[in-house]
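A.B. asks: 3D, please:
(chains A and B)
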Protein chains: 2
Amino acid sequence: MPYRAPIEDYTFLFDHVVGLKQVTGTETFSEASPDLISAILSEAGKMAENVLAPLQRNGDLHPAHLENGVVRASPGFDEGYKAIAEGGWISISASPEFGGMGLPLSITTAVNEMMSGACLSLQLNPLMSQGQIEALDEHASDEIKALYLPKLISGEWSGTMNLTEAQAGSDVGALQTKATDNGDGTYAINGQKIFISWADNDFTENVCHLVLARLHDGAPGTKGISLFMVPKYIPDADGNPGPANSLHVVSLEHKMGLHGSPTAVMQYDGATGWLVGEHHGGMRAMFTMMNNARLGVGGQGIGGAEGAYQHALSYALERKQGKTPVEGGTGTIADHADVRRMLTTMKAEIFAARAIALSCAIAIDMQNATGSKDWAARAAFLTPIAKAYGTNVGMNVAEMGVQVHGGMGFIEETGAAQYYRDVRVTAIYEGTNGIQAMDLVARKLMDDGDAANALLDEIEDFAEAARAKLPELAEPVWDACETLREAVDQMVAQSELNQRFAGAVPFLQAFARVIGGYVHLQAAIAEGGTGPRSKLAKFFITRLLPEHAALLIHALAGADDLYALSTDELAM
Amino acid sequence: MPYRAPIEDYTFLFDHVVGLKQVTGTETFSEASPDLISAILSEAGKMAENVLAPLQRNGDLHPAHLENGVVRASPGFDEGYKAIAEGGWISISASPEFGGMGLPLSITTAVNEMMSGACLSLQLNPLMSQGQIEALDEHASDEIKALYLPKLISGEWSGTMNLTEAQAGSDVGALQTKATDNGDGTYAINGQKIFISWADNDFTENVCHLVLARLHDGAPGTKGISLFMVPKYIPDADGNPGPANSLHVVSLEHKMGLHGSPTAVMQYDGATGWLVGEHHGGMRAMFTMMNNARLGVGGQGIGGAEGAYQHALSYALERKQGKTPVEGGTGTIADHADVRRMLTTMKAEIFAARAIALSCAIAIDMQNATGSKDWAARAAFLTPIAKAYGTNVGMNVAEMGVQVHGGMGFIEETGAAQYYRDVRVTAIYEGTNGIQAMDLVARKLMDDGDAANALLDEIEDFAEAARAKLPELAEPVWDACETLREAVDQMVAQSELNQRFAGAVPFLQAFARVIGGYVHLQAAIAEGGTGPRSKLAKFFITRLLPEHAALLIHALAGADDLYALSTDELAM
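C.D. replies: Modelled structure (predicted):
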């Protein structure tokens, strides 16, 4: 399964679309020189291509398994993980105080996408650690930071997120895991967590679980939840892992895909934990971790899409079938119009999703560097779109990747099916895409649509300016933006949240279509209207952008029709 | 995995939408009384629910495997197959002369869908036999008919289709399997075939392979292909299976899904075959078999969708999560607007796809009963739509079924993932959905759009008449139909086929949207505008039908943009 890191695309996007210069122009990120960034992308790309990509099939064919209570990772994952850790790829954006590089999250986002495109199941491990590093950095005590961050940042230890319980999934406030004050600064954690990604492994010295639990005086619901650090081995003051904690992996799930990533049921039987953040402040700390992870999972969707696309393109350029319909063609199925349609759609969607994810990362970087509320609002607004659209692109591109392969796509040996199975979970975990869309239409429009409209202003201004140069691309983007603006107004005017939720998913999809048109237009303008990205922009804006109209009709149709059919009638 | 046969839906569609009465009003099908049809649907439904549905997981968990050259089917498939055969469910529409019931294909289509919804991997076996029965009935000599049809119709023997070779998939004309005249009325078949569904089993006395091969004087391409009956065991004149033929199963594929259905590489080493149809007339005979199978595979998509939908609905009605947003709700996630949106979309799409498949079957029945060219044209026109739309609905509904399950959807034990994996192949086999769409815009518009326009006339006439009763549903259908009519004109005016092919898939999807609007409108009118199907119609027409507009923009955008990016640029 060869994989080629799409470095040229990142560089182009950084330079011409998402505006990395704003970030590197700040005091905070002034050390991120073009040379350094170029070196990082190139080295990370090589690692993804040469070390991680060869592990992709291993994970699928030889799933992680439980052996006498210990998780044994897939063959080669040990070495792959060490290459990630030793390259410093876990901690590009982590604090230099504890060994990180302190570079923009935008760079991490590109590097994460490369790693996930090469081997999604292994990359999920450092992605979890990254979320934990950020949560600790922001919310933990100095002692916990000093003890854990250097080890997590170096990759000697890895981190997990323990949120879900059997009866508390999307409704995390329903959790029942209990924390009892031991009176010595520690807490006893009791309960069972499910769907814990990389809950254990056989290649890090320790595994650090961040566990959401309720103190005895915690209110019901999300307000009474606290966050605890619960390590597999309790470290001494020097950071040497000591006695085993009272926790264990109960079982691993048998999943449709991502077999290389162990997904565990975790049991905590009076395990020793340390509070992270405030009493009953677990949700705040968790959201730090989740927001990072949501963007990261969006990147996984894009990485999976890129892998599936490259795989399909390479098959198409080898497979001969039927008479070629074009003069001077390749003589392969890549000459056939319908195969071209699929390949071009895949590429155009990946470009848009990648640009949106990087824009979101840039906004987070600017928020961190400047403390600007506007950037914070932009980051918050783009996060659910980056997550849901990125992972939808993952699913849809992998689906087309199978189709390009024809019958061979259904045969596991070709690898196309693995992308399809693996990437499917990204639309579910870290908040389902439905939850993302509900977040967008509820919390992210609570400002009466200011963040949304600020983005639409930016798009319309750009399209207005582009009109003189590329009217056939600029005008549809401007028009779509105007239609979307009206829809935002209508959504905001709808005070009953459930009416908004009814159209949340198509609303998010329509927004992604319009931002997609914008980033493609930016690319075309940067190229002066000629060049490969301009051609791709024309494809996206002419053929895919028009979908926004029907999506918005759906988005604004309200909830009443959804409840018109009773559940008995649904079951008829 | 419980399954409930949707008999009420078939009955409603037969009575109020697709017009089964036209069929039963003909001389040919005059014996198909309402009571008989009702008894058949009810008995087949019970068999699907009680016998087949319990086998669904067996097929996945215990795949068919090769044991000393013989295929061993999944546990229980033997009994399941016998229940199908003994119930007469293979041969409802087969000729009474050889033991069939001679009933309309419309009834078979409903029964096939039920069987595939209950256990897709096993149902593929009788579906293959049905195609073979029809091909033999139409093209074989009297001797072959007399020898094979009674056994295939009773299900004592099963049938397969051997078309594909490693270098001849969508381009079947590239096949290299050779047939040599033995001079005694038989032929020696030499070659290797791949992707042979149910190439062998351990529950029928014989397996009859219909094999496409080239005689020594066969021209290159499809014109030089002939069709041969090549049985696993050579029968004596009384139909007793005799000596083993020179053929064997080389290996079984390791597939993403449909594990219960063995997919084989078949080797023919001078195997004895009998010509079916004319010398070099193999393609004609094959198309008989393929057209039947295409509609049948469309039905598999719908069956898979129905199974996935029922599974998801049942999970949604049990799973409690979060506060219910509606008064008097169920207290389950089925109360949440986004879950309702998914469930209602699934149900509305299934209804439309089922109506289209049954309409196609009705047209075939009318063609068979009356010999009418118009009905033949309608049948030919609807076949690729029924196949591609039915299987797209299968994929999309199964995808939503996973999503409704949240994290549990990715865990194999819940069964949602199996629907997603199993049904994926239906968009590929019997001609990929891309091939279906190319068939639609090329062959099926060769009449300058007459068949398309006849259908659009029918829809507009109905919508026009419905306008007085349900204007808010009738008008959008009429408008969409008019937009589609213009698109048909433009597609027909495009003389260069590759320009049509470039938009073939979105064109087919748009057509399915408009016919979907039509059948939902018919249902609503039949209910007088109130009732569950009217509510579903409102959902489909208001929220899904508008997608036709963007699809048609895409469909008419031509091929040039698809080739604007060179293959090097695609690989950038």
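A.B. asks: so what pLDDT did A:V326 get?
C.D. replies: pLDDT, A:V326: 88.
A.B. asks: And the closest residue to it other than its chain neighbours, its phi and psi?
C.D. replies: Once flanking residues are discounted, A:V326 sits nearest to A:D335: 5.2 Å by Cβ to Cβ, 6 or more residues apart in numbering or on different chains. Using the backbone N, CA and C atoms, a C-beta is placed for each residue, glycine as well. Backbone torsions for A:D335, taken as degrees, to the nearest 10, come to phi -80, psi -20.
A.B. asks: need the contact list for A:D335.
C.D. replies: Counting by Cβ atoms under 8 Å, 6 or more residues apart in numbering or on different chains, A:D335 makes contact with A:324-326, A:329.
A.B. asks: Does A:S121 touch A:V423 like I think?
C.D. replies: No - if you go by Cβ atoms under 8 Å, A:S121 and A:V423 don't touch, sitting 10.7 Å apart.
A.B. asks: Give me the neighbour count for A:E430.
C.D. replies: Neighbour count for A:E430, taken as other Cβ atoms under 10 Å in any protein chain shown: 28.
A.B. asks: pretty sure it belongs to a strand, no?
C.D. replies: No - assigned with DSSP: H, G, I helix; E, B strand; the rest coil, A:E430 falls outside any strand and is coil.
A.B. asks: SS state for the residue nearest to A:K82 when sequence neighbours are not counted?
C.D. replies: Nearest residue to A:K82, sequence neighbours excluded (Cβ to Cβ, 6+ apart): A:F203, at 6.9 Å. When classified by three-state DSSP, A:F203 comes out as coil.
A.B. asks: Next one: A:F203 from A:L122, what distance?
C.D. replies: Noted for A:F203: a distance of 10 Å to A:L122, by Cβ to Cβ, to the nearest Å.
A.B. asks: Quickly list what's touching both of these two.
C.D. replies: A:77, A:81.
A.B. asks: State the three-state secondary structure for A:A293.
C.D. replies: With three-state DSSP as the basis, A:A293 sits in helix.
A.B. asks: Counting neighbours, what do you get for the closest residue to it other than its chain neighbours?
C.D. replies: Nearest residue to A:A293, sequence neighbours excluded (Cβ to Cβ, 6+ apart): A:G131, at 4.4 Å. Look at A:G131: counted by other Cβ under 10 Å, it has 26 neighbours.
A.B. asks: got it, and A:A264?
C.D. replies: Applying other Cβ under 10 Å, we find 24 residues neighbouring A:A264.
A.B. asks: Looking at strand pairing, list the partners for it.
C.D. replies: Taking DSSP bridges as the rule, A:A264 bridges to A:I196, A:L252.
A.B. asks: isn't it right up against A:V70?
C.D. replies: No - assessed by Cβ under 8 Å, A:A264 is found out of contact with A:V70, at 11.4 Å.
A.B. asks: Now the common contact residues for the two.
C.D. replies: A:200, A:249.
A.B. asks: Pick out the residue nearest the middle of chain A.
C.D. replies: A:V297 (1.8 Å; Cα atoms, centre = their mean).
A.B. asks: now it: how far from A:G303?
C.D. replies: For A:V297, the distance to A:G303 (Cβ to Cβ) stands at 10 Å.
A.B. asks: ok, now A:T426?
C.D. replies: Going from A:T426 to A:G303 by Cβ to Cβ gives 9 Å.
A.B. asks: who touches both of those two?
C.D. replies: A:G394.
A.B. asks: what about the strand or helix carrying A:N498, near chain B?
C.D. replies: Under the criterion of DSSP states H and E, A:N498 resides in helix A:497-502. Yes - residues of helix A:497-502 contacting chain B under Cβ under 8 Å from any Cβ of the partner chain: A:497-498, A:501-502.
A.B. asks: Is the residue nearest to the centre of chain A in a helix, a strand, or coil?
C.D. replies: Applying three-state DSSP: A:V297 is helix.
A.B. asks: Pull out the buried positions in stretch A:90-105.
C.D. replies: A:90-95, A:98-101, A:103-105 (16 or more other Cβ atoms under 10 Å in any protein chain shown).
A.B. asks: who's in contact with that stretch?
C.D. replies: A:20, A:23-24, A:29, A:31-32, A:36-37, A:40, A:84, A:88, A:107-108, A:111, A:126, A:129-130, A:133-134, A:137, A:145-146, A:149-150, A:152-155, A:292, A:295, A:361-362, A:364-365, A:368.
A.B. asks: filter the residues you listed by proximity to chain B?
C.D. replies: Among the contacts of stretch A:90-105, none lies close to chain B by the criterion of Cβ under 8 Å from any Cβ.
A.B. asks: Ramachandran angles for A:W89?
C.D. replies: According to degrees, to the nearest 10, A:W89 has phi -80, psi -10.
A.B. asks: And the closest residue to A:Y268 other than its chain neighbours, how far from A:N182?
C.D. replies: Distances taken as Cβ to Cβ, 6+ apart place A:I189 nearest to A:Y268, at 4.4 Å, with adjacent residues excluded. Distance of A:I189 to A:N182, computed by Cβ to Cβ: 10 Å.
A.B. asks: anything in contact with each of these two?
C.D. replies: A:T272.
A.B. asks: thought A:A174 was touching A:A168?
C.D. replies: Yes - in terms of Cβ under 8 Å, A:A174 counts as a neighbour of A:A168; the distance is 3.9 Å.
A.B. asks: who has more neighbours, the two?
C.D. replies: Taking other Cβ under 10 Å, A:A174 and A:A168 do not tie; A:A168 has more neighbours (20 against 17).
A.B. asks: re earlier: which residues are common contacts for A:S121 and A:V423?
C.D. replies: Common contact partners of A:S121 and A:V423 (Cβ under 8 Å, 6+ apart): none.
A.B. asks: For the stretch 151-300 of chain A, just list every one of the helices.
C.D. replies: A:282-316 (DSSP state H, counting those that start in this stretch).
A.B. asks: Name the residues of it found near chain B, please.
C.D. replies: Contact residues, the stretch 151-300 of chain A versus chain B (Cβ under 8 Å from any Cβ): A:164, A:167, A:169-171, A:174, A:194-195, A:253-258.
A.B. asks: of all those, which two lie farthest apart?
C.D. replies: A:A174 and A:G257 (27.5 Å; Cβ to Cβ).
A.B. asks: I'd like the distance from stretch A:526-535 to the chain centre, please.
C.D. replies: Mean C-alpha position of stretch A:526-535 versus that of the full chain (Cα atoms, centre = their mean, to the nearest Å) differs by 28 Å.
A.B. asks: got the CA coordinates for it in CSV?
C.D. replies: Only the C-alpha atoms of stretch A:526-535 are listed here, as CSV (Å, rounded to 0.1, in the frame of the first residue of the first chain):
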residue,chain,number,x,y,z
ALA,A,526,-3.6,32.3,-6.8
GLU,A,527,-2.8,30.4,-9.9
GLY,A,528,-4.1,33.2,-12.1
GLY,A,529,-6.9,31.0,-13.4
THR,A,530,-4.7,28.5,-15.2
GLY,A,531,-3.1,25.4,-13.7
PRO,A,532,-4.3,22.2,-12.1
ARG,A,533,-5.9,23.8,-9.1
SER,A,534,-7.9,26.2,-11.3
LYS,A,535,-9.2,23.2,-13.3
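A.B. asks: What is the neighbour count of A:A199?
C.D. replies: 28.
A.B. asks: picking up where we left off before, turn the buried residues of stretch A:90-105 into JSON lines, including pLDDT and distance to B:M572.
C.D. replies: As requested, the buried residues of stretch A:90-105 are exported to JSON lines (pLDDT from 0 to 100; distance: Cβ to Cβ, whole Å):
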{"residue": "A:I90", "pLDDT": "98", "distance to B:M572": "29"}
{"residue": "A:S91", "pLDDT": "96", "distance to B:M572": "30"}
{"residue": "A:I92", "pLDDT": "97", "distance to B:M572": "25"}
{"residue": "A:S93", "pLDDT": "97", "distance to B:M572": "27"}
{"residue": "A:A94", "pLDDT": "97", "distance to B:M572": "32"}
{"residue": "A:S95", "pLDDT": "97", "distance to B:M572": "36"}
{"residue": "A:F98", "pLDDT": "98", "distance to B:M572": "38"}
{"residue": "A:G99", "pLDDT": "98", "distance to B:M572": "36"}
{"residue": "A:G100", "pLDDT": "98", "distance to B:M572": "32"}
{"residue": "A:M101", "pLDDT": "97", "distance to B:M572": "29"}
{"residue": "A:L103", "pLDDT": "98", "distance to B:M572": "26"}
{"residue": "A:P104", "pLDDT": "98", "distance to B:M572": "25"}
{"residue": "A:L105", "pLDDT": "98", "distance to B:M572": "26"}
